[in-house]
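A.B. asks: Fold the following and give me the result.
(one chain, ligands or ions: 1)
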Amino acid sequence: MNTRTCSICEMGQLILNTEKIRVEHLSQQGQIESQYSMCDYCNSEQAGTDEARLNKLAMNDFKKQVFKTV
Ligand SMILES: [Zn+2]
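C.D. replies: Numbers count the residues shown, from 1 in each chain. Predicted coordinates for the structure are as follows:
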């Protein structure tokens, strides 16, 4: 597993975290797993390009589910 050094404090390592967030699409509510990195030293939350891409995919999956149920 590759570790990334925090670009803010340059002391800590970025740890990948996931959290469930509420999303809404066409007035259908659901939850997706949002990914972000958090520094273990300064506790800064940072969403890199990998995380942003995964979050977009999760949102797209949710939208597909909405289309199936309506
Ligand atoms: Zn940091």
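A.B. asks: Sheet-wise, list the partners of the helix or strand of the chain with the lowest mean pLDDT with their directions.
C.D. replies: Of all helical and strand segments in the chain, the minimum by mean pLDDT, DSSP states H and E falls on strand 45-46, at a mean of 88. For strand 45-46, sheet partners with direction are given as strand 28-39 (antiparallel), following DSSP bridges.
A.B. asks: Now residue 22: which helix or strand?
C.D. replies: Element membership for residue 22 (DSSP states H and E) is strand 13-25.
A.B. asks: residues contacting the spatially closest residue to residue 8 that is not a sequence neighbour?
C.D. replies: Ranked by C-beta to C-beta, 6 or more residues apart in numbering and with sequence neighbours excluded, the top spatial neighbour of residue 8 is residue 44, at 4.9 Å. Where you see a C-beta, it was placed from the backbone N, CA and C, and this is true even at glycine. Residue 44 makes contact with 6, 8-9, 38 under the criterion C-beta atoms under 8 Å, 6 or more residues apart in numbering.
A.B. asks: still on that earlier bit, got the contact list for the least confident helix or strand of the chain?
C.D. replies: Residues from elsewhere that reach strand 45-46, judged by C-beta under 8 Å, 6+ apart: 6-8, 14, 36-39.
A.B. asks: orientation of whatever helix or strand comes next after it relative to strand 13-25 in degrees?
C.D. replies: Following the chain from strand 45-46 toward its C-terminal end, the next helix or strand by DSSP H and E is helix 49-69. With axes from the mean of the first three to the mean of the last three C-alpha atoms, to 10 degrees as the criterion, the two stretches helix 49-69 and strand 13-25 enclose an angle of 20 degrees.
A.B. asks: Show me how far helix 49-69 is from its chain's centre.
C.D. replies: Mean C-alpha position of helix 49-69 versus that of the full chain (C-alpha atoms, centre = their mean, to the nearest Å) differs by 11 Å.
A.B. asks: quick one: buried residues of that helix?
C.D. replies: Neighbour-count burial for helix 49-69, counted by 16 or more other C-beta atoms under 10 Å, picks out 51, 54-55, 58-59, 62, 66.
A.B. asks: Nice, that's everything, thank you.
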